[in-house]
Each structure stands twice: as C-alpha cells, then as structure tokens.
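Undergrad: show me the folded form of this:
(chains A and B)
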Protein chains: 2
Amino acid sequence: MKIAVDAMGGDYAPGVVIEGLTQALYDFPDCEFLLVGHRDKLGFYLQKYGIAGHDRLEIVHAESVVEMSDPSAISLRAKKDSSITECARLMKAGRVEAIVSPGHTGALVAATKVLNRTLPGVDRPGLAAALPWRNGRFLLVDAGANPDCHPANLIQFALMGEIYAKFLFHSEKPTIGLLSVGGEDGKGSGLTKTVFKMLSSMPVNFIGNVESDTAFEGGCDVLVSDGFSGNVMLKTSEGLARMCGAWLKNAIRKNAVRAAGGLLARNAFTEVKALGAAETIGGAPLLGINGICIVGHGSSNPRSVRNAIRTARNAIKFDMNEKIRQRLAECHATTAELEAAFQASAEQKEQ
Amino acid sequence: MKIAVDAMGGDYAPGVVIEGLTQALYDFPDCEFLLVGHRDKLGFYLQKYGIAGHDRLEIVHAESVVEMSDPSAISLRAKKDSSITECARLMKAGRVEAIVSPGHTGALVAATKVLNRTLPGVDRPGLAAALPWRNGRFLLVDAGANPDCHPANLIQFALMGEIYAKFLFHSEKPTIGLLSVGGEDGKGSGLTKTVFKMLSSMPVNFIGNVESDTAFEGGCDVLVSDGFSGNVMLKTSEGLARMCGAWLKNAIRKNAVRAAGGLLARNAFTEVKALGAAETIGGAPLLGINGICIVGHGSSNPRSVRNAIRTARNAIKFDMNEKIRQRLAECHATTAELEAAFQASAEQKEQ
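TA: Next comes the predicted model:
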C-alpha cells in the first residue's frame, strides 16, 4: 500500500507530521510512504527521528505551502506547486492509493475534486467526522466540505456514510439520522424536509430527524447534514469541550482541598479528555473522492497523524471506494427518480 | 408590571412553573402575574406553595395544552384554546406587557407572530439565547425560531441582538459576529456571504465571521445566525455538556482513589455545572415580537422559571421593544438600500 503524506499541513508542520510518520513506519510494515513537502525543511526532522533514507520512504519536493488563511481555490491557482496539490497529483498519477493531510480542508477538497475527480454518482465529496457519543462514536457527514448543499448531496452523504460506518463500527445496517431542529417528522428547514422525504423512500436504515443533543446520546450511527450546520456542530463540540476543561481547571485550583481532590482524580480527567481528542479518532475521510483522502486535524499531534495514516490504510484494505461506488450504483435509479419527482414538485410550486 | 405566565409549558408543568412563580412573587414585588392554565390542574400546586388567592396573582383558564410533539401551527388551529395562545391573546388585549412560557418554542412563535405581530421593520422574530464563553456570556440570535432565513432576517437579528446585548452586558457598543465555517472574510455559505457584505456596510460594531469554537473563547457579544445552524449550535452545546458530565461521573466512580478525589473537588464540579445551566441564564427572549415574550427551557426547574420572569421584568423596565423599534427605524434606510442592491445583483446573476 502506498500513501502520500502532506508534511506541510497543520499548525505544527513538518515536525509533528514527521514524528507521526515515524510511528506509522514502525506500526504499519505493509505501507510505503511518499512524504511531500519542501525538501530543505524536512531534512532536520528526518534526521532527528532517524528515518532519513528509510527504504519504505520517498521524499517528494513541493515548493509552496497552503496557509490556513489562504482561500481554498489557491491550491489550483497561485499555489499549484503546494504540498496539497502535489499529493493530489501523485494520487492522480496512480503513484499512491491514498493521501493524508492535516492541512487546509478547503484547499484539499478543491485540489482533489479537480485533480482526482469524484466517484461515479457523487456530485460532491462529504467530510466524515467521527464524534463521540456516550458509549461510542457516530459519523457526521458532511462535517464541513460543502457550505451550500442540494438535497441530492445529502442523499449521497447518507449512502457514503453508511458504507464507512459499516467498516468503522462493524455494523451490518447502520442507522441513518438527519440533523434537524426537532426530533419529530416534519420539523426542519426546506432542505431537510425534502431530504427527509427522499431518505424515507431509500433502501437505508433511516430513523428520521435527529437533533444534535440526541446525537450525543447515541441517536444514530450516521448523522447526515449540510456542510454548514455539520461544521457548526463539529466546532461547537470542540470549543465547548475545551472551555469545560478550562473551567474545571480553574474551579479546581481555587483552594487546596479541591486541588487535592483534583490530584487524586486526575486519571479520570485524562480519560475523559482522551474520549474526545482528535488523536484517538484518526482523521476524517473525504468520502466520494476517486482515491482515499484523509483530512487530519489542523492542530494535530504525532499520534493523530499516525492514526490518520491508520485510517487511510484501513480504508485501502477495506476497499472502501469500490464499496461506495457499488452502493451508489445500486441506489442510482431510486435516487434519480426521487430527485426528478422533487424537482418537478418544486417547479410546480414556483409557478 | 403585568406578566402572563404559561403554567402548562415545559416537561414538569405545572408544578415547577408554579414553584418558580412563587419565588418570583416574593422577589419581584413590583410585578403582577396572570397564571394561564387548566384551572383543575393548578389548584393543588397553588395550595402547596401557599399562593392561592395571592393579591398579585390572577388565574386565567385555558382548556388545552400544546404538547412538545405537536406541530407549531396547532396553537392557531386545533388548539386555539391552549395556554400558549391564551397568553398571546392577553398580551394582544393589553392586559399584560410580557409573557413567559417554558413550553413549545415553535407554537409560541406562531401564536405571537399572528396575534401580537412583529415590531415595525421586523419580518421575523429571532430567539436570543445567552450562551457561556470562558469569562462571560454571548448572545446567539437566532437560536431556533426560523429554520429558513433570508439575508434581511439576519440583519434584523443583528440589530435586535445589539439592543438586547446592550442591556444584558451593559455594553455601549456590543461586537457583532456572523456565525460561519471559517474565521476569514469570504468563507461561508451563500447566505452568510451576502449577510457579511451587508453587515460590513451597516453602522454596527461588526467584527466579521466567527466560528462556533471561537465564540466560546469570547469571539463576540452577539453571534448572528440563521435559526437552523443557531439551533444546532445551542443543542450541540447542551448535549455535549451533559455527556461530558456523565463521562466524568463514570470515570471518577471507577475506583476508590478517584472517588475520594471527586468528593474533595465536588464543589468545583457544581460550580462548572452552574455556569452552563439553564436556570442561571433565565430564558431566551423572542426578539421582535410586539410585546415582551420570554421562552423558558423545556426542562425548566423552578429557579429557571423565576429567572425567565426576571428577564421579562428587566426587559419591560429597560423598555427593550421601544429601543429595538428606534434602532430598526434608524437603520431602515441603509438596510433597505443594501437589500435592494443585493437583490438586484442576485437577479443579474440568475440571468
């Protein structure tokens, strides 16, 4: 298995990425890696972690870096020679089966959509983030790749999420929920009401509207959303978790008794922190790209880079994209029919 | 000041509402209350809390109750005699200046929109929820009244939120942020990109796009959003906070050392829990209704009912609606001009 790793992605690149890659080299002896980045900046860390000249590692030079503040389209225009674009180019050329980047999600979406194209039947790729619920995890698709969505996009997110959930949760028939503002049927926005009706007629295990708080109680395996609300949900949970941690720290430091208690219970805090942490999750696949594409967290640490690589490796082994292609082909007739029906009824309403 | 209280709203009605009202009767001697609900169901609790026949309390009978599973429009159709509808009717008749209901938000929006109408210049009312950030609170508008929004709605949410924030945070020039999926200018959905440009030209303290995680770090005083994403943000924070609490409890109970630590630090947990709890916040005003309308949390406890009443009282004292009306009138010309310009450019694009 050959995997391209974007060395320049994320807030602590390239050091953290190379440290994570070092762990992956040891842990996954069946993988070969192409490390993509500016050659002058990689040497120090390759020496530091003792993987310079490793026989399963090749260095691919990329002149520029997409910064977090850059617009998404830059990877295709002013920074065509960026590490992100080069990763997509390597996958297009068939030199790697997967790419892993903890960098700019938008730029990665733009580069892979144009260079690698989407799978047949996929209009737009969807980012699948694994979020924690009380006793496990659920998938949120789309977690931020598409701020504006049509109903058909959400149907595709549901089908792709279903396949990924099968492999991630070892579930035969994952439950599909639709993110909405009320649990009852008929509540929601214009978009979700249409999607609700379409999903009800699809051959999936659709359980209806799921509110974001219910999702954290284990409402469903796959939570389908447009990329705007999905991203709001993802970032709200990250922000609130960080804030609760900070509040707890402050409250515990207020006096000596509490501080002693905090010390005794410190392993409990560490455990809870780990449940939500990016490094235990291991990157979010961009489902629907022709080629495996794993987005790491921007504030990645070495463990999360290693785990994002593990996700890429597992997706290749599971032959995820072939299964997505099959599933979409199976449902193609139903989806097209439903789409046509809803488009017709929407046009009728306008007249 | 006269305030109508919906006795039948919320998961633990009417007991919890009447207990909260009892506290309010003692704490706010300048207020008179009209308690609206089914008379047979109120008597027991009025006796229990010793407020039957109180000289500042009048009971108004309402035959039916809007259940949480009912559709929003039911308050105007099949359940015209519900406690929610009766509250709106009392305010329409000028018998009360404010209504407080911990019940069905959608039904309250529907009833007040039709019976009380919106303030001049307001197309749709916006729910203003006060969420915690690290060192204080910020307002989220709209937190769930309007799942589908036009750009002009968000401009009105911004202006109304600004007025409420002035009074809530004692701030001269509250900062206005736009909920989006990236902090940089130009990121977002079609809707937010238009709103961004409009807010940039308005005489408000607009600080640009704010991501939901940044909001919890104190990104802005007023976070403007469509009601769908706003509701997702509100419910994600509620759900995640509950789950973190449950996780921590489980982790601490795992062994005796941790349990002892948890016991010593228990006041710290209580403190943190209180920061996010609904009862400390005190209800969300439905901004833009012609009359003060405070939505309590469905799972209200007596303290949160009392605090929602406090919010209603303060809004009357502050003359909030008159200030909103003035602010909207001030900005009317600018808003109308911007709207026309954006509509024209949208139509041009379509051609």
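
Undergrad: mind checking how far A:Ser345 is from chain B?
TA: A:Ser345 sits 17 Å away from chain B, going by Cβ to the nearest Cβ, to the nearest Å. In short, each C-beta sits where N, CA and C put it, glycine included.

Undergrad: buried residues in the helix or strand where that residue lies?
TA: Assigned by DSSP states H and E, A:Ser345 belongs to helix A:320-350. Across helix A:320-350, burial judged by 16 or more other Cβ atoms under 10 Å in any protein chain shown covers A:320-321, A:323-325, A:327-328, A:331, A:335, A:338-339, A:342.

Undergrad: that one packs against which elements?
TA: For helix A:320-350, the elements it packs on are helix A:151-169, helix A:190-200, judged by 3 or more Cβ pairs under 8 Å, 6 or more residues apart in numbering or on different chains; DSSP states H and E.

Undergrad: what are the contacting residues of the next helix or strand after the first one?
TA: Pointing back at helix A:151-169 there. For helix A:151-169, the following helix or strand on the C-terminal side (DSSP H and E) is strand A:175-179. For strand A:175-179, the surrounding residues in contact (Cβ atoms under 8 Å, 6 or more residues apart in numbering or on different chains) are A:140, A:154, A:158, A:161-162, A:188, A:192, A:195-196, A:199, A:204-212, A:215, A:219-225, A:229-230, A:233, B:232.

Undergrad: what about 7 Å?
TA: A:158, A:162, A:192, A:195-196, A:199, A:204-210, A:212, A:215, A:219-225, A:229-230, A:233, B:232 (Cβ atoms under 7 Å, 6 or more residues apart in numbering or on different chains).

Undergrad: partner strands of it, with direction?
TA: Under the criterion DSSP bridges, strand A:175-179 sits next to strand A:205-210 (parallel), strand A:222-224 (parallel) in its sheet.

Undergrad: of those, which stretch is the most buried?
TA: For the strands paired with strand A:175-179, average neighbour numbers computed from mean count of other Cβ atoms under 10 Å in any protein chain shown are highest in strand A:222-224, which has a mean of 31.

Undergrad: quick check: mean pLDDT across the helix or strand just after that strand?
TA: Beyond strand A:222-224 on the C-terminal side, the first helix or strand identified by DSSP H and E is helix A:227-252. For helix A:227-252, mean pLDDT rounds to 88.

Undergrad: check whether helix A:227-252 contacts chain B.
TA: Yes: under the criterion of Cβ under 7 Å from any Cβ of the partner chain, chain B is reached by helix A:227-252 at A:228-229, A:231-233, A:235-241, A:243-244, A:246-248, A:251-252.

Undergrad: okay, and A:Val100 sits in which element?
TA: Counting by DSSP H and E, A:Val100 is part of strand A:98-101.

Undergrad: please name every helix or strand in contact with that strand.
TA: For strand A:98-101, the elements it packs on are strand A:2-6, helix A:83-92, strand A:292-295, helix A:302-317, judged by 3 or more Cβ pairs under 7 Å, 6 or more residues apart in numbering or on different chains; DSSP states H and E.

Undergrad: show the contacting residues for the residue sitting nearest the centre point of chain A.
TA: A centroid search over chain A (Cα atoms, centre = their mean) returns A:Ala284, at 2.0 Å, as the residue closest to the centre. For A:Ala284, the contact set (Cβ under 7 Å, 6+ apart) comprises A:127-129, A:143, A:295.

Undergrad: the residues you listed in strands, which ones?
TA: A:127-129, A:295 (DSSP state E).

Undergrad: I'd like the residues you listed as JSON lines, with pLDDT, neighbour count and distance to chain B appended.
TA: Below are these laid out as JSON lines (pLDDT from 0 to 100; neighbours: other Cβ atoms under 10 Å in any protein chain shown; distance: Cβ to the nearest Cβ, whole Å):
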{"residue": "A:Leu127", "pLDDT": "95", "neighbour count": "26", "distance to chain B": "11"}
{"residue": "A:Ala128", "pLDDT": "95", "neighbour count": "28", "distance to chain B": "16"}
{"residue": "A:Ala129", "pLDDT": "92", "neighbour count": "25", "distance to chain B": "13"}
{"residue": "A:Val295", "pLDDT": "92", "neighbour count": "27", "distance to chain B": "14"}
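
Undergrad: ok, A:Ser212 touching B:Gly239?
TA: Yes: counting by Cβ atoms under 7 Å, A:Ser212 touches B:Gly239, with 5.9 Å between them.

Undergrad: neighbour count: those two, which is higher?
TA: Neighbour tally, A:Ser212 and B:Gly239, criterion other Cβ atoms under 10 Å in any protein chain shown: the higher count belongs to A:Ser212, 30 against 24.

Undergrad: count of neighbours near A:Asn250?
TA: Based on other Cβ under 10 Å, the number of other residues close to A:Asn250 is 14.

Undergrad: I misspoke; the intended subject was A:Gly245.
TA: 16.

Undergrad: just to revisit the earlier point, okay, the buried residues of helix A:320-350 in a markdown table with pLDDT next?
TA: Below are these laid out as a markdown table (pLDDT from 0 to 100):
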| residue | pLDDT |
| --- | --- |
| A:Met320 | 94 |
| A:Asn321 | 95 |
| A:Lys323 | 95 |
| A:Ile324 | 95 |
| A:Arg325 | 95 |
| A:Arg327 | 93 |
| A:Leu328 | 93 |
| A:Cys331 | 90 |
| A:Thr335 | 84 |
| A:Leu338 | 85 |
| A:Glu339 | 82 |
| A:Phe342 | 80 |
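
Undergrad: secondary structure of A:Gly218: a strand, I assume?
TA: No: counting by DSSP: H, G, I helix; E, B strand; the rest coil, A:Gly218 falls outside a strand, being coil.
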